[in-house]
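Student: Give me the fold of what follows.
(one chain, ligands or ions: 1)
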Amino acid sequence: MFVAKTERVEEGTADGVLCARAATQKREQKSRFKSRDKANFSKEDDLKVLAWSFLAGNVSIWKFKLTVCALRCRQHPVTTGPHAKPFGHSNPKAAGLEDLACDTGRSNVKKKAVRTYTVSAKYYDAAYAAKKDLVDLPFYVELAKKYGGPVLEIGCGTGRVLLPIVREGVEIHGADQSPAMLRVLKKRLKSESREVRSKVRLFQGDMRTVRLKKKYSLVIMPFRPLQHMHTLKDQIAALTSAAAHLNKGGVFAFDVFLPKFEGIAAAIGQKRLELEWNDPEDATKVVRRYYRMESWDKINQTFAGTFRFEIHQGEKLLAEETETLRMTYYLYPQLRALFLLADLEAVKEYGSFAKTPLDDTAEQMVFLVRKRKSGR
Ligand SMILES: C[S@@+](CC[C@H](N)C(=O)[O-])C[C@H]1O[C@@H](n2cnc3c(N)ncnc32)[C@H](O)[C@@H]1O
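Tutor: Residues are numbered from 1 along each chain as shown. Predicted coordinates:
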């Protein structure tokens, strides 16, 4: 409509420039929609282009309706939504995983490709090997041994926890949204024994919607993946996904940090050196990870900032890469309310991985929850 109106205006005037621009845009939209490379376009991209083309009068109402229907039926090429796909195998049968992948139908959770950890994946293992206060491994390994396999780890990343569990002989299935993190894990698995490899199954899936055709005695979500859920809807969806994979008597274990508000306030605007390690491929190089917190949203309980990875050789800065990270923090009563909303109840709660009480001295909030037995 806007286009039709401006088309009648003379070129050379301000309106004429608008007119020329609108006509160019119209031509671009038309050719973009026609010639788009379907493989590289997300469903959201396609819908946006289609909507613009319709508004610009390039697509009839019937073509618009039909294409919307077709797009709604098409799977997103990157995120899996409710359709978790086995990772790393073009032929799922070859991977022997098709029996676990399950289509639960539509979900009301907006499926958006969040390409998190694309940069961090490269540095993840070396960085956290250097983080001496990250002491959650014995806790999760002990749980896995107690409950037995298969265990499901949601947000398994590069296998920091998954690998020590499977090396103890416990079968484990891992799901993660980040292809970059899963690629690292797959590479690491190649140097494991055949027996270890045979006990691992991987899926690329979003924790809000992933559904595998299997129930587990133990589902784990170590090292704060739940802090990547930034809305109430997403938080409930993620907890509901974990609950959906529990068998009768099954337990879901996860941890988040207990927020320290003075620390958050003091960190805003500061570039802080968090971790430093030798480059595993070249010991003459040192990698430094900095984090600069940029904003704090007190209403939605999130903070956002940028990781900066710097590679140094002596005094010289050789390279640097950055990646943004937004995190949610939770308060204890909020988590208890979320459990109710996801039909879960706490079985155990700890203030550390050494199982100290969850009190004012706690650094972490570590929970074991199960499906609620009693009605609300
Ligand atoms: C801090 S890492 C923890 C990885 C691993 N559990 C560990 O302990 O090292 C958080 C992980 O959550 C994953 N993640 C973030 N958002 C996700 C989502 N919506 N669905 C599934 N995984 C997600 C990230 O890709 C990342 O691998």
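Student: just checking, Gln227 touches Leu325?
Tutor: No - with contact defined as Cβ atoms under 8 Å, Gln227 and Leu325 do not form a contacting pair (9.8 Å). All C-beta spots, glycine's among them, are computed from the backbone N, C-alpha and C.
Student: Could I get the full set of strands for the stretch 101-250 of the chain?
Tutor: Taking DSSP state E, counting those that start in this stretch, the strands of the stretch 101-250 of the chain run over residues 151-154, 172-176, 200-204, 216-221, 246-257.
Student: Over to the residue in the stretch 151-300 of the chain positioned nearest to the ligand: give its phi and psi.
Tutor: Per Cβ to the nearest ligand atom, Gly157 is where the stretch 151-300 of the chain lies closest to the ligand, at 2.8 Å. Backbone geometry at Gly157, expressed as degrees, to the nearest 10, gives phi 60, psi -130.
Student: give the contact list for the nearest residue to it once chain neighbours are set aside.
Tutor: Nearest non-adjacent residue to Gly157, counting by Cβ to Cβ, 6 or more residues apart in numbering: Met181, 4.6 Å away. Shown in contact with Met181 (Cβ atoms under 8 Å, 6 or more residues apart in numbering): 117, 121, 124, 156-158.
Student: More neighbours: Gln227 and Leu325, which one.
Tutor: Neighbours per residue (other Cβ atoms under 10 Å) separate Gln227 from Leu325, with Gln227 holding more: 21 against 16.
Student: on that earlier part again, want to throw the strands of the stretch 101-250 of the chain into TSV with mean neighbour count and mean pLDDT?
Tutor: Below are these laid out as TSV (neighbours: other Cβ atoms under 10 Å; pLDDT from 0 to 100):
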stretch	mean neighbour count	mean pLDDT
strand 151-154	27	98
strand 172-176	27	98
strand 200-204	23	97
strand 216-221	25	98
strand 246-257	18	97
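Student: Isn't the residue of the stretch 151-300 of the chain closest to the ligand up against Tyr124?
Tutor: Yes - contact criterion Cβ under 8 Å: Gly157 and Tyr124 qualify, at 6.6 Å.
Student: Which one's more surrounded, these two?
Tutor: With neighbours defined as other Cβ under 10 Å, Gly157 and Tyr124 compare such that Gly157 has more, 25 against 20.
Student: what about the nearest residue to Pro150 once chain neighbours are set aside, distance to Val256?
Tutor: Among residues not flanking Pro150 along the chain, Glu171 sits closest, at 4.1 Å (Cβ to Cβ, 6+ apart). Look at Glu171 and Val256: by Cβ to Cβ, to the nearest Å, they are 26 Å apart.
Student: For the nearest residue to Ile236 once chain neighbours are set aside, the count of nearby residues, please.
Tutor: Once flanking residues are discounted, Ile236 sits nearest to Leu341: 5.0 Å by Cβ to Cβ, 6+ apart. For Leu341, the count of nearby residues is 13 (other Cβ under 10 Å).
Student: how many other residues sit next to Ala304?
Tutor: Ala304: 14 neighbours (other Cβ under 10 Å).
Student: wait, what's in contact with it?
Tutor: By Cβ under 8 Å, 6+ apart, Ala304 lies in contact with 293-295, 297, 324-327.
Student: Show me what from the protein comes close to the ligand.
Tutor: 116-117, 155-157, 160-161, 176-178, 181, 206-208, 222-225, 228 (Cβ under 6 Å from any ligand atom).
Student: Just those residues: which are in helices?
Tutor: Within the residues of the chain next to the ligand, residues falling in helices by DSSP state H are Met181.
Student: ok, back up a step: please verify my assumption that the residue nearest to Pro150 contacts Gly149.
Tutor: Yes - the pair Glu171 / Gly149 is scored as a contact, 3.3 Å apart, by Cβ under 8 Å.
Student: what does the longest strand belonging to the chain rub up against?
Tutor: Scanning the chain for the strand with the most residues, using DSSP state E, yields strand 282-297. Applying Cβ under 8 Å, 6+ apart, the external contacts of strand 282-297 come out as 123, 126-127, 264-265, 267-279, 302-313, 318, 325.
Student: Pick out whichever of Glu171 and Gly149 has more residues nearby.
Tutor: Neighbour count, other Cβ under 10 Å: between Glu171 and Gly149, Gly149 has more, with 19 against 15.
Student: ok, now which ones touch the more buried one?
Tutor: The contact partners of Gly149, by Cβ under 8 Å, 6+ apart, come to 170-172, 199.
Student: tell me the domain boundaries of this structure?
Tutor: 2-73, 85-259+330-371, 261-328 (automatic domain parsing).
Student: most packed of those?
Tutor: domain 85-259+330-371 (a mean of 18; mean count of other Cβ atoms under 10 Å).
Student: one step back: next one: phi and psi at the residue nearest to Pro150?
Tutor: phi -60, psi 140.
Student: again with Tyr330
Tutor: The phi/psi pair for Tyr330 (degrees, to the nearest 10) is phi -120, psi 150.
Student: Now do it against the ligand, distance only.
Tutor: According to Cβ to the nearest ligand atom, to the nearest Å, Tyr330 and the ligand sit 15 Å apart.
Student: in the stretch 101-250 of the chain, which ranges drop under the pLDDT threshold?
Tutor: Within the stretch 101-250 of the chain, the ranges that satisfy pLDDT under 70 run 101-115.
Student: Try it again at 50.
Tutor: Applying pLDDT under 50 to the stretch 101-250 of the chain flags residues 101-106, 113.
Student: quick one on the thing from earlier: could the contacts of Met181 go into a markdown table alongside distance to Phe353?
Tutor: Shown next, in a markdown table, are the contacts of Met181 (distance: Cβ to Cβ, whole Å):
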| residue | distance to Phe353 |
| --- | --- |
| Tyr117 | 23 |
| Ala121 | 24 |
| Tyr124 | 19 |
| Cys156 | 18 |
| Gly157 | 17 |
| Thr158 | 19 |
